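Chemist: Next come a sequence and a model predicted from it.
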Amino acid sequence: MARPINLAVLISGSGRTLQNLIDKIEEGSLEARIELVISSRPDALGLQRAKDHGIPTAVVDRKDFKGINDFSKAITQQLDNYETDLVVLAGFNCLYRIPERYIGKVMNIHPALIPAFCGKGYYGDKVHQAVLDYGVKLTGCTVHFADNSYDHGPIILQRPVPVLNGDTPESLAQRVFKEECIAYPEAIRLFQQGRLKLEGRRVRILP
């Protein structure tokens, strides 16, 4: 069995995705340790979730930095204080400019089927409202390797969710989040097991 993977989790809000990972670790279905939680906002509720489980936290407030480069450097400085195998973006609403040594070691999850309904400004219920406004019949979630553009890196896993008559952004979000709770831990497991092979824009899952 592969050794537990060391995670750093980046958040901006409530920390629901963080809590899902904590729950999976505690129940034994995800062999991982969360070494650090970094928030881009000092008032993010997810910080308290981390503290409740004894996980170290840091705040790198986006408002304290004029440019994305200095903001990203401050995040990297925090990451470098820990033995980080994988950086997990979990409702992190800021762009993190990834240094060379972390390329291929940063994952994100998006509540739609990339490349649809993604990019700058598409987050939270804004995504689900856009899905409903467009009238598509199928949405879902996407786990991908992050690069230095919003929702752009190579796709690891996708899980579909049908759009139902009468759906609201809230009801759709609930069903998509259930699939996120499956997809993200699975992608992390595959990374931990060395089963993800990057081939340009494609991610091959090895047996």
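Modeler: Good, I have the coordinates.
Chemist: Would you mind checking the average pLDDT for the longest helix belonging to the chain?
Modeler: Longest helix of the chain, by residue count under DSSP state H: helix 169-192. Mean pLDDT, helix 169-192: 98.
Chemist: Begin at 43, not 1, for the rest of this chat.
Modeler: That works, and once the first residue is 43, the last one we named lands at helix 211-234.
Chemist: Mind giving me the packing neighbours of it?
Modeler: Counting contacts by 3 or more Cβ pairs under 8 Å, 6 or more residues apart in numbering; DSSP states H and E, helix 211-234 is packed against strand 47-53, helix 58-69, strand 128-131, strand 148-152, helix 167-176, strand 180-187, strand 197-204. Using the backbone N, CA and C atoms, a C-beta is placed for each residue, glycine as well.
Chemist: Between strand 47-53 and it, find me the angle.
Modeler: Helix 211-234 and strand 47-53 are oriented at 150 degrees to each other (axes from the mean of the first three to the mean of the last three Cα atoms, to 10 degrees).
Chemist: Could you report the pLDDT at the closest residue to residue 197 other than its chain neighbours?
Modeler: Distances taken as Cβ to Cβ, 6 or more residues apart in numbering place residue 186 nearest to residue 197, at 4.7 Å, with adjacent residues excluded. Residue 186 carries a pLDDT value of 98.
Chemist: residues of the helix or strand bottoming out on mean pLDDT in the chain that come out buried?
Modeler: The least trusted helix or strand in the chain, going by mean pLDDT, DSSP states H and E, turns out to be strand 238-241, with a mean of 95. Neighbour-count burial for strand 238-241 flags residue 238 (criterion: 16 or more other Cβ atoms under 10 Å).
Chemist: by contact count, what packs against it?
Modeler: Using 3+ Cβ pairs under 8 Å, 6+ apart, strand 238-241 is in contact with strand 244-247.
Chemist: list the buried ones in the strand it packs on?
Modeler: Buried positions in strand 244-247, judged by neighbour count with 16+ other Cβ under 10 Å: residue 245.
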